[in-house]
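Student: Provided below are the primary sequence and the corresponding predicted coordinates.
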Amino acid sequence: PFLDKYFYTRFKKENSGAAGLALMFLILLAMMPATYYAKSSFLMGAFLSGLVFCRNHDVHVRFVSQFKRLLQWLMRIFFAA
């Protein structure tokens, strides 16, 4: 509810997914080194940044639409190797 109250109210409804995705990547880039230097795994930072946005459906829809083509190519490379 913190992000819903203070962050998403600054954007239009149709742009809230893109803004949430951008914020998720900023938090990801901050949390990965923070957890690594705290003597934890950098994957813990990736998990925590995803956990922050698990309730927002707009971010999920935007993530799937943006990364569908990339994931298809990565799967092709993985299974071809």
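Tutor: The structure has been received and is ready for your questions. Numbering: from 1, shown residues only.
Student: who does the lengthiest helix in the chain touch, helix- and strand-wise?
Tutor: Ordering each helix of the chain by length in residues (DSSP state H) puts helix 57-80 first. Packed against helix 57-80 by the contact rule (3 or more CB pairs under 8 Å, 6 or more residues apart in numbering; DSSP states H and E) you find helix 16-37. For the C-beta atoms, the positions are set from N, CA and C on the backbone; glycine is no exception.
Student: contacting residues around the helix it packs on?
Tutor: 3, 7-8, 10-11, 41-42, 44-46, 48-50, 52-53, 56, 58-59, 61-63, 66 (CB atoms under 8 Å, 6 or more residues apart in numbering).
Student: centre of the chain to it, how far?
Tutor: In this view, helix 16-37 has its centroid 6 Å away from the chain centroid, taken as CA atoms, centre = their mean, to the nearest Å.
Student: go on, stretch 31-42?
Tutor: 17 Å.
Student: select only the buried ones of the contacts of helix 16-37 in PyMOL?
Tutor: Selecting only the buried entries of the contacts of helix 16-37 in PyMOL, with 16 or more other CB atoms under 10 Å as the criterion:
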select buried, resi 3+8+45+48+49+52+53+56+58+59+62+63
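Student: re earlier: buried residues, the longest helix of the chain. List them.
Tutor: Result for helix 57-80 [16+ other CB under 10 Å]: buried residues Asp58, Val59, Arg62, Phe63.
Student: can you tell me, leaving aside adjacent residues, what's nearest to the first one?
Tutor: This points to Asp58. Setting aside the residues directly before and after it, Asp58 is nearest to Gly17 in space (CB to CB, 6 or more residues apart in numbering), at 3.6 Å.
Student: run through who's touching the helix-or-strand element of the chain with minimal mean pLDDT.
Tutor: Lowest by mean pLDDT, DSSP states H and E among the helices and strands of the chain is helix 2-6, with a mean of 83. For helix 2-6, the surrounding residues in contact (CB under 8 Å, 6+ apart) are Gly20, Leu23, Val52, Phe53, Asn56.
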